[in-house]
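> Need coordinates for the following:
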Amino acid sequence: MAREPRGLAGLAVAAFAAACTCRSMLGFCPAHQLTRPAPAQRSRATALQAAATLYDMPVSNNGARVRLIIYAKGLDETGTVAVAPPSELGGLKSPEYMSLNPQGKMPLLSIEGGSPLYESDTIARYIIDAYADAGPSFVPATPEARALDNLISRIHDVYIAAIQSCMYRAVPPFGPFQSRWEALAEIKRQVGVINDLASEEGPFLTGSEIAHSDAALFPTMIFMQDMLPRFMQPGWEFSEEEAFGPKLARWWRHMTSGKVPAASKVLEEMNSALQKWDANGRYEGILHAGRRDTADPTIFDKIISKEIPSEVVYEDKRCLVFKDISPAAPVHLLVIPKRREGLTQLRNAAVEHEYILGHLLRVAAEQGKKAVGEGGYRIVINDGAEAAQSVFHLHVHVLGGRTMSWPPG
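Numbering: from 1, shown residues only. Next up, the predicted model:
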């Protein structure tokens, strides 16, 4: 026998079957924005409307997207969708959990009588579709607004969520980025893109009604609100208007005002979990968020800022190359990182510095070859006063234009 759908899900299926007859021959009802399943598929579609469990943790911003939708639709209060920790299945890497989500990540939606779903965007869209008649639809009213909703969600998922680990992970990579600063700058740029796209009227991202994009972006903005101020340098102050942009700052104030109860619940859950991260020393080992470069500025800082003139031969966003004012050879260049990031000496190098160390050596090779042509050149990094290091800001010497002896003095 076919299983009867239960609860709100059952009401949704029954309402769909009774009401969606206007375009049944076409298989699509624009009023409900749903495709009617073919007869052979309807028993499975009905089964997928049964009770479900979302496996997730409060700190997960990806899972919080789904939780916000569940809370707004009241599915947790009716018992239609339960929320449980992955530990109930033995943890993320347990055989039971991995059999349902081979990625071993959160969130996971286990559907009674149906196939499990994973990836937050997929789960969110399923919840929106399966429980369309419960609470807000999360689907904008016009094609243009729906396209904007999809675009903002896509930008968030592909360009922000993919590199968000730069705000809380100790070492790279952060998506395609090896540099934390470059990843943070990209997050800020993409948030600016969303700010430009957001509705002028509001109060939500696509207009007057809450949509999927609001649920997608809001939990990540909770991360940003908590984590970005940790990376502020002396003399900087965190500003929502500057970090988010005026439209997103206004949207953030609305989402956190208490006028969106589901958002308030997610905010409370995530903030409580993030406070535990803080108490457990999550950021202590992360350079600039907890661990600081407290060494004094050097003359190189003034050269980088152009307060002191230098004969620059090459410059990019990561490094500066200039001629040594006291040359030890006809060709004597210094290659320095623009951000010291704790590299007063080479001995302070860590995994997070691999990107800049490799970059400095590549640029040194290019500039050495350019300066001496087919001749040879020497690369030198002095580490410490005993090794003749006089400026405690890591720098690479490129020496050439004369015959070198060995061992060096």
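
> And Ala72, how far from Ile210?
For Ala72, the distance to Ile210 equals 7 Å [CB to CB, to the nearest Å]. In this view, the C-beta of every residue, glycine as well, is placed from N, C-alpha and C.

> Same check on Pro102?
Distance from Pro102 to Ile210, by CB to CB: 32 Å.

> okay, and the common contacts of Ala72 and Ile210?
Applying CB atoms under 8 Å, 6 or more residues apart in numbering, one finds that Ala72 and Ile210 are jointly contacted by Pro136, Phe138, Val260.

> Look up which helix or strand the closest residue to Val321 other than its chain neighbours falls in, please.
Nearest non-adjacent residue to Val321, counting by CB to CB, 6 or more residues apart in numbering: Tyr314, 4.0 Å away. Secondary structure here is read from DSSP states H and E; on that basis Tyr314 sits in strand 312-315.

> Tell me which strands that strand pairs with, and in which orientation.
strand 319-323 (antiparallel) (DSSP bridges).

> Now do the partner strand, average pLDDT.
Per-residue pLDDT over strand 319-323 has a mean of 98.

> one step back: out of the shared contacts of Ala72 and Ile210, list just those in strands.
Taking DSSP state E as the definition of strands, the shared contacts of Ala72 and Ile210 contribute nothing to them.

> now these: which count as buried?
Phe138, Val260 (16 or more other CB atoms under 10 Å).

> about what we covered before: which of Pro102 and Ile210 has more neighbours?
Under the criterion of other CB atoms under 10 Å, the comparison of Pro102 against Ile210 puts Ile210 first, with 25 against 9.

> that older thread, in CSV: the shared contacts of Ala72 and Ile210, plus pLDDT and distance to Gly91.
Listed next are the shared contacts of Ala72 and Ile210 as CSV, based on pLDDT from 0 to 100; distance: CB to CB, whole Å:
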residue, pLDDT, distance to Gly91
Pro136, 98, 33
Phe138, 98, 31
Val260, 98, 32
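
> If we only consider the shared contacts of Ala72 and Ile210, which is nearest to Ser153?
For the shared contacts of Ala72 and Ile210, the closest approach to Ser153 (CB to CB) belongs to Phe138, at 10.7 Å.

> isn't that closest one right next to Ala211, touching?
Yes - with contact defined as CB atoms under 8 Å, Phe138 reaches Ala211; the gap is 5.5 Å.

> before we move on, back to that, mind checking how far the residue nearest to Val321 is from Phe300?
Taking CB to CB, one finds Tyr314 at 15 Å from Phe300.

> List the contacts of Arg282.
Arg282 makes contact with Tyr168 under the criterion CB under 8 Å, 6+ apart.

> before we move on, the earlier item: burial measure for the residue nearest to Val321, as a count.
By other CB under 10 Å, neighbour count at Tyr314 equals 15.

> tell me which residues of whatever helix or strand Lys302 lives in are tucked away?
Here Lys302, judged by DSSP H and E, is contained in helix 299-304. Neighbour counts using 16+ other CB under 10 Å place Phe300, Ile303, Ile304 of helix 299-304 among the buried residues.

> Need the residues that contact it.
Ile308, Ser310, Leu320, Phe322, Ile336, Lys338, Arg340, Val391, His393, His395.
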